Every structure is written in C-alpha cells, then in structure tokens.
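Student: Please find the sequence and the predicted model below.
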Amino acid sequence: MHGKGIIFSIPVISSPDTMIRWPLLALGHFTTLNTTVRYSTEHRSVSGRAMDVNFGGFVPISTVDWRGKAVCTVFLRGCPVRCTYCHNSSILSGNDIRSIEEVIGMVKSSRLLISGVVFSGGEPTMQAEALVALAGAIKNMGLLVGVQTNGVYPDTLETLIGLSLVDRIALDIKARWQRYDNLMKVPCVDRVQRSFAICRAAWQSGKISEFEVVITLFRGYEDEVPYISHECSDVDLVIQQGVQGNIPPLSCSELKKIADTLNRPVRIRTREGGEISYEGNRDRWIASKR
Ligand code: SF4
C-alpha cells in the first residue's frame with residue numbers, strides 16, 4: 001500500500017468476473033531491473049499465452065485514493081522492499097494468480113460508478129507486463145488510470161507514460177536520498193531518483209495530468225520533511241500521517257506546524273481530518289521567495 005502507514009483503502013478480494021476482449025494497442029519492450037521484458041497492452045503476453053497477474057485485492061469504490069474522484073482500487077501483490085510500517089504486509093509476497101480478464105471484470109462491475117482506477121499494492125510497477133496490459137484495457141474503457149508507487153521500477157513508469165496509459169502518479173519519497181538505501185534495506189535510491197525525474201518531466205510536459213510526492217511522516221522523523229520538500233519544490237507535496245504500532249501519530253495540527261516551516265502549500269492527510277490543502281502563512285512563504 002502506498003501512502004503506507006495510514007489506511008485509506010483496504011484491499012478486499014472480489015468475486016471472479018470475466019470475459020472481455022481488448023484490441024492489441026501496442027507491442028514493444030523495456031528493461032526492468034535485471035531483465036529485458038517485452039510487453040503488450042493486450043491481455044495476452046507477447047508469447048501468446050493468456051496473461052496473469054499476482055493479485056492482491058480490490059476495492060470496488062473508493063473516494064479517498066484519487067482526490068475528487070470515485071475510483072476502484074486494484075492491489076497487486078509483491079513488493080521488493082519491507083517498510084516496517086507497511087499496512088499491507090499480507091500482500092507483499094505469496095501468490096494469488098488471476099487472469100487479466102478476471103481483474104478487468106472486477107473493474108467492469110464498478111464501471112458505472114467510477115471515473116478511474118488506481119493501482120496500488122504491494123508495488124504495482126513490479127508486475128510490469130500485467131500492469132501495462134491492465135492499464136491499456138482500462139484506458140480502452142474510457143477510464144482514468146492512477147498509480148501509487150514506491151518508485152523502485154522507473155522503467156515501468158516510463159513505459160506507462162510513453163504509451164499514455166497513466167494519468168496520475170503518486171510517488172512515495174520516504175527519506176532524504178542519503179538515508180534511502182539504509183532505510184529500505186535494498187539499494188534502490190538511484191531508481192527512485194530516476195522515477196522522480198521521469199514523473200516530474202512527464203507532469204511538466206503535460207504527459208500526465210497529476211503528479212504528487214507523498215511523505216508518510218512518523219513522529220521522530222520530522223527533520224526529513226524540509227529536505228524532501230526542497231528536493232520536490234516544484235511539484236505537489238502531500239504530508240501524510242504515519243501510523244505505526246503504539247507510537248502516537250502526529251496530529252493534524254502538528255503536521256500543520258511542520259508545514260508552516262516549508263514556506264509552500266502542501267496537502268495534509270490524516271485519519272481524523274481526511275485530506276486538506278494547507279497554505280499556512282501565505283504572505284510569509286510568498287515573501288520568502290522574493
Ligand atoms: S513500499 Fe512496499 S513494504 Fe513499503 S509500504 Fe509500500 S507496499 Fe509496503
């Protein structure tokens with residue numbers, strides 16, 4: 001679950017539903033972490049076999065995963081890192097293999113009530129071939145596509161953007177770059193930095209309509225926020241209340257005080273207050289830019 005640490009959507013398993021055929025949109029190939037993978041936006045792999053996805057869960061209707069929109073949320077299983085605070089640890093590993101058609105059928109069952117689909121996890125970009133096929137099918141339905149990601153698979157993001165299969169990306173940045181690999185326990189900072197650059201460029205050029213950096217903030221880690229804010233000073237920033245174990249989460253008013261030090265508008269997400277836009281002392285942060 002990206003935006004991890006605070007529960008907005010919880011995956012539930014949907015009943016099977018099937019049977020849609022989608023035209024072939026594109027064929028190509030891209031490079032993942034260690035291998036070159038060919039992809040197809042049809043829900044068959046390029047080798048012609050029926051395409052499967054390692055499924056994590058499904059929320060038929062969510063009003064919290066895409067601000068201002070009703071969407072359904074598809075959770076894909078698996079993640080290469082292990083955040084101690086992950087609220088979806090049950091889908092970080094294991095297998096629940098479903099056909100692409102079955103997942104499309106779930107989305108279709110919500111079609112009349114939604115304007116888009118958000119992919120979360122786990123890490124949805126880890127299943128590049130399946131995600132591209134699903135996003136292609138969903139775009140063919142006339143729906144918007146959003147992806148919540150930890151940024152560890154920049155090639156998948158680049159492919160989705162290149163094929164115009166994604167409208168919104170929410171990228172987690174978990175710490176200052178110097179601390180990243182130590183925190184994530186895997187060497188990934190270069191990949192996350194590349195994802196950030198790809199998404200920012202896509203947003204600035206209009207290839208995606210929405211891009212936000214999300215900080216999930218836990219008490220004791222407040223000093224990470226100014227650093228991350230500086231790194232992404234020209235994109236939307238969300239400070240999200242982190243919830244872990246018995247540690248009291250930062251309250252909305254505490255998060256506002258932290259935001260006051262940034263001299264920029266932010267959005268703040270908390271369990272108690274939902275999501276708010278916060279400008280703090282606008283005169284002060286405008287003056288700080290003069
Ligand atoms: S990056 Fe992976 S382990 Fe960390 S919160 Fe997201 S899904 Fe969980």
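Tutor: Cool, the structure landed. Since this is a predicted model, take the numbers as computed values, not measurements.
Student: Which single residue in the stretch 101-250 of the chain comes nearest to the ligand?
Tutor: Closest approach between the stretch 101-250 of the chain and the ligand, counting by C-beta to the nearest ligand atom: residue 150, at 3.9 Å. C-betas here are computed from N, CA, C, even on glycine.
Student: Rounded mean pLDDT for the lengthiest strand in the chain, please.
Tutor: Using DSSP state E to define each element, the chain has its longest strand at strand 52-62. Mean pLDDT, strand 52-62: 97.
Student: And the pLDDT for residue 19?
Tutor: As predicted, residue 19 sits at a pLDDT of 23.
Student: Check whether the helix ranked longest in the chain comes near the ligand.
Tutor: Ordering each helix of the chain by length in residues (DSSP state H) puts helix 189-204 first. No: applying C-beta under 6 Å from any ligand atom, one finds helix 189-204 separated from the ligand by no less than 10.4 Å.
Student: what residues does the stretch 51-200 of the chain put near the ligand?
Tutor: Contacts of the stretch 51-200 of the chain with the ligand, taken as C-beta under 6 Å from any ligand atom, map to 79, 81, 82, 83, 86, 88, 92, 121, 122, 123, 150.
Student: rerun at 8 Å
Tutor: Residues of the stretch 51-200 of the chain lying close to the ligand (C-beta under 8 Å from any ligand atom) are 79-83, 85-89, 91-92, 121-123, 150, 152, 172, 174, 184.
Student: Tell me the gap between the longest helix of the chain and the middle of its chain.
Tutor: Chain-centre distance of helix 189-204: 13 Å, with C-alpha atoms, centre = their mean, to the nearest Å.
Student: Can you pull out the residues in contact with it?
Tutor: Applying C-beta atoms under 8 Å, 6 or more residues apart in numbering, the contact partners of helix 189-204 are 33, 149-154, 157-158, 161, 169, 171, 173, 177, 180-181, 208-211, 213, 231-232, 234-235.
Student: Kindly recompute the last result at 7 Å.
Tutor: 151-152, 154, 157-158, 161, 169, 171, 177, 180-181, 208, 211, 235 (C-beta atoms under 7 Å, 6 or more residues apart in numbering).
Student: Now that helix: buried residues?
Tutor: For helix 189-204, a neighbour-count test (16 or more other C-beta atoms under 10 Å) marks 189, 191, 192, 193, 194, 195, 196, 198, 199, 200, 202, 203 as buried.
Student: Check those against residue 282 and report the nearest one.
Tutor: For the buried residues of helix 189-204, the closest approach to residue 282 (C-beta to C-beta) belongs to residue 203, at 23.2 Å.
Student: measure the closest one to residue 116 for me?
Tutor: Counting by C-beta to C-beta, to the nearest Å, the gap from residue 203 to residue 116 is 17 Å.
Student: Over to residue 220?
Tutor: Applying C-beta to C-beta, the value for residue 220 to residue 116 is 35 Å.
Student: more crowded one of those two?
Tutor: Neighbour comparison, residue 220 and residue 116: the larger count goes to residue 116, with 20 against 10 (by other C-beta atoms under 10 Å).
Student: hang on, isn't the more buried one packed against residue 144?
Tutor: Yes: judged on C-beta atoms under 7 Å, residue 116 makes contact with residue 144 at a distance of 3.3 Å.
Student: ranges for the strands of the protein?
Tutor: With DSSP E as the criterion, the chain has strands at 27-31, 36-40, 52-62, 71-76, 97-99, 116-121, 144-149, 168-172, 210-217, 236-241, 266-270, 274-278.
Student: quick one: buried residues of the longest one?
Tutor: Of the residues in strand 52-62, those with enough neighbours to count as buried (16+ other C-beta under 10 Å) are 52, 53, 54, 55, 56, 57, 58, 59, 62.
Student: list the contacts for the fifth one?
Tutor: In this structure, residue 56 makes contact with 11, 75, 76, 77, 91, 121, 122, judged by C-beta under 7 Å, 6+ apart.
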